[in-house]
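Student: Quick one, what's the 3D model for this:
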Amino acid sequence: ARAVHPPYEVRCPLHGSIAFDERERRIIDHPLVQRLRYISQLGFAALVYPGATHTRFSHSLGVMHLAGQVFDNIAQASPALADAGYGPEALAYCRRIVRLAGLLHDVGHPPFSHSFEPLLPQRRALPLPWDWYAEPGQPEQQATHEDFSVAAVHALAQERPRLLEPGEARDICALIDGRISPGPELRAAGRRPIYPLLKQMISGEIDADRMDYLRRDAHFAGVTYGLFDLPRLIQSLSCADVEEGLAMTLDQNALYTYENFLMARFHMAMQVYFHKTLLPFEHFLQRAVEEGEVDVRMDGSLESFLMAREDRVLEALYRAREQPWSGRIVNRHPMARLLQLEDVPGEAARKRVLQTAEALRTRGIQVVHLREARALSTQGAVGSLPIYVAHTALGRTSLRPLHEVSVLLERYNRVFTIESLYCDPEHYEAAAAALLPLVEPAGRG
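Tutor: Here you go, the predicted structure:
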């Protein structure tokens, strides 16, 4: 009899042992995935939180692990899957796809994560499988890390020998990028569509990505904002057959567990991801590239993408440390925050900040205006399916969309924006004195 190779394991500070099989190992060992060892999870956050040096690679392993746990729990807890015609073979395929989507969901991230995205090329420059898209978008649009992830997964299906079958690659990409439609194998796996459910596991309101990065980022940053009851949250998930297909459900008794998860996202965003010191450093990197101090642009080819690692960017910044923007990063010269407006919707706030910045510049005070926006919820996003809360009473179960049940989700289901003005620390006192008369009237109103 042929011996069965035991699964491989790595140790994770959050999840303990993470197991994977031979096929997953070969994908993990591919250079496109190994490149994530050189992409930090939080960009410049280590300048403020010295422990936050963890990588997209460790996060991706964690998401693969949690995606498998979520799938297993739902498969065991949900008669709806069997009722919809999903037998052992179909479930094994779906489990494989959702774990690989968890592993590969971030494979397209550029150096310093979101800091570098404004510097990416147009989508037309990437080797994208355009025939996979139900909504291809415009080729002249700027590429995102999701576009590079799709290009990388597609490339894994072109390897010889193949690491992925073309149908598997397409189904994985459909879970990563909602514009891609799943292939025939996933569509034919059962009598009712399972794609909506699998998509929610990877990029939904309660997904494996957020489950991992919140706890991982909090752990390595040394903060408690991202803590929530992960085992309880996973155990509370199931699925139901709704009009659109199979959809994720949350047990009514775990509503507060979910809301704790939601608040962890909000607090991590405001205290870590939007930290006042980090935003200017992202600006410095963009200016250093735009003004030619460092040559780290990605041309869209997977060859240049493979070489786009943070160690190479840092090396280029060190070589250019006599230049204005590179020097600020290398020598850690932060800017002082003069003004910050948090969560003020509409163009009125943006106009006010821009007018204030221009008024300061007319006084000879150079300021930098920065704007950050982040959606804390996927509820209402294009193509997203709501999670339903399962309420059981008198032996009957009813379903209500999560946003109709959770007061906190209703409150935080929007894009949060931060408008800020910064100046050099040595000019802070003069800038603050000039700024005070400009903002006092608004404060009285």
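
Student: got the contact list for residue 140?
Tutor: 122-124 (C-beta atoms under 8 Å, 6 or more residues apart in numbering). Glycine gets a C-beta too; all of them are placed from N, C-alpha and C.

Student: What separation do you get for it and residue 149?
Tutor: 20 Å (C-beta to C-beta, to the nearest Å).

Student: Report the contact partners of the closest residue to residue 84 other than its chain neighbours.
Tutor: Distances taken as C-beta to C-beta, 6 or more residues apart in numbering put residue 192 closest to residue 84, at 3.9 Å, once the chain neighbours are dropped. Contact partners of residue 192, counting by C-beta under 8 Å, 6+ apart, are 84-85, 241, 245-246.

Student: same deal with residue 400?
Tutor: Contacts of residue 400 by C-beta under 8 Å, 6+ apart are 388-389, 391.

Student: Wasn't it part of a strand?
Tutor: Yes - counting by DSSP: H, G, I helix; E, B strand; the rest coil, residue 400 is part of a strand.

Student: before we move on, the earlier item: which among the contacts of residue 192 end up buried?
Tutor: 84, 241, 245-246 (16 or more other C-beta atoms under 10 Å).

Student: returning to what we had before: does the residue nearest to residue 84 belong to a helix or a strand, and which?
Tutor: Secondary structure assignment for residue 192, by DSSP states H and E: no helix or strand.

Student: from the contacts of residue 400, which would you call buried?
Tutor: Applying 16+ other C-beta under 10 Å to the contacts of residue 400 flags 388-389, 391 as buried.

Student: Relative to residue 72, how far out is residue 288?
Tutor: 46 Å.

Student: between these two, who's got more neighbours?
Tutor: Set residue 288 next to residue 72 and count neighbours by other C-beta atoms under 10 Å: residue 288 wins out with 25 against 13.

Student: Make sure that one is indeed in a helix.
Tutor: Yes - under three-state DSSP, residue 288 sits within a helix.

Student: so which helix or strand takes in the residue lying closest to it once chain neighbours are set aside?
Tutor: Nearest residue to residue 288, sequence neighbours excluded (C-beta to C-beta, 6+ apart): residue 325, at 3.9 Å. Taking DSSP H and E as the criterion, residue 325 maps to helix 324-330.

Student: Identify the residue with the minimum pLDDT among the contacts of residue 400.
Tutor: By pLDDT, residue 391 ranks lowest within the contacts of residue 400, coming in at 88.

Student: which element is that residue on?
Tutor: Residue 391 is part of strand 388-393 when elements are defined by DSSP H and E.

Student: That strand pairs with which strands?
Tutor: Paired strands of strand 388-393, with direction, are strand 245-251 (parallel), strand 396-401 (antiparallel) (DSSP bridges).

Student: just to revisit the earlier point, now do the buried residues in the helix holding residue 325.
Tutor: Of the residues in helix 324-330, those buried (16+ other C-beta under 10 Å) are 325-330.

Student: could I get those residues as JSON lines with pLDDT?
Tutor: What follows is the buried residues of helix 324-330, written out as JSON lines (pLDDT from 0 to 100):
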{"residue": "325", "pLDDT": "96"}
{"residue": "326", "pLDDT": "97"}
{"residue": "327", "pLDDT": "97"}
{"residue": "328", "pLDDT": "96"}
{"residue": "329", "pLDDT": "96"}
{"residue": "330", "pLDDT": "96"}
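
Student: Go through those residues and say which is closest to residue 95.
Tutor: Taking C-beta to C-beta as the measure, residue 95 sits nearest to residue 329 out of the buried residues of helix 324-330, at 42.8 Å.

Student: From what I see, the closest one and residue 288 are in contact.
Tutor: Yes - when contacts are counted by C-beta atoms under 8 Å, residue 329 is listed as touching residue 288 (7.1 Å).

Student: rewinding a little: now do the phi/psi pair for the residue nearest to residue 84.
Tutor: With angles defined as degrees, to the nearest 10, residue 192 sits at phi -120, psi 140.

Student: So for it, what's the pLDDT?
Tutor: Looking at residue 192, the pLDDT reads 91.

Student: So it versus residue 72, what's the distance?
Tutor: 20 Å.

Student: does residue 353 count as helix, strand or coil?
Tutor: Taking three-state DSSP as the rule, one finds residue 353 in the helix state.

Student: Tell me, how many residues neighbour it?
Tutor: For residue 353, using other C-beta under 10 Å, the count is 21.

Student: same check, this time on the one 5 residues further on
Tutor: Around residue 358 sit 11 other residues, with neighbours defined as other C-beta under 10 Å.

Student: buried sites along stretch 223-234?
Tutor: Residues of stretch 223-234 classed as buried: 223, 225-228, 230, 232-234 (neighbour count, 16+ other C-beta under 10 Å).

Student: Looking at these, which is nearest residue 90?
Tutor: When the buried residues of stretch 223-234 are compared for distance to residue 90 (C-beta to C-beta), residue 234 wins out at 22.0 Å.

Student: if I look at that closest one, how far off is residue 261?
Tutor: Residue 234 sits 11 Å away from residue 261, taking C-beta to C-beta as the criterion.

Student: Now the common contact residues for the two.
Tutor: With contacts taken as C-beta under 8 Å, 6+ apart, the residues that reach both residue 234 and residue 261 are residue 211.

Student: Centre of the chain to stretch 243-259, how far?
Tutor: Computed by C-alpha atoms, centre = their mean, to the nearest Å, the chain-centroid distance of stretch 243-259 equals 21 Å.

Student: First-to-last residue distance for that stretch?
Tutor: Distance between the two ends of stretch 243-259: 26 Å, counting by C-alpha to C-alpha, to the nearest Å.

Student: Can you tell me what sits against that stretch?
Tutor: Counting by C-beta under 8 Å, 6+ apart, 74, 80-81, 84, 192-197, 200-201, 204, 206, 228-229, 232-233, 235-241, 385-392, 399, 402, 405-406, 408-409 sit against stretch 243-259.

Student: could you flag which of the residues you listed are buried?
Tutor: Here, 16+ other C-beta under 10 Å leaves 74, 80-81, 84, 192-197, 200-201, 204, 206, 228, 232-233, 236-241, 385-391, 402, 405-406, 408-409 buried among the contacts of stretch 243-259.
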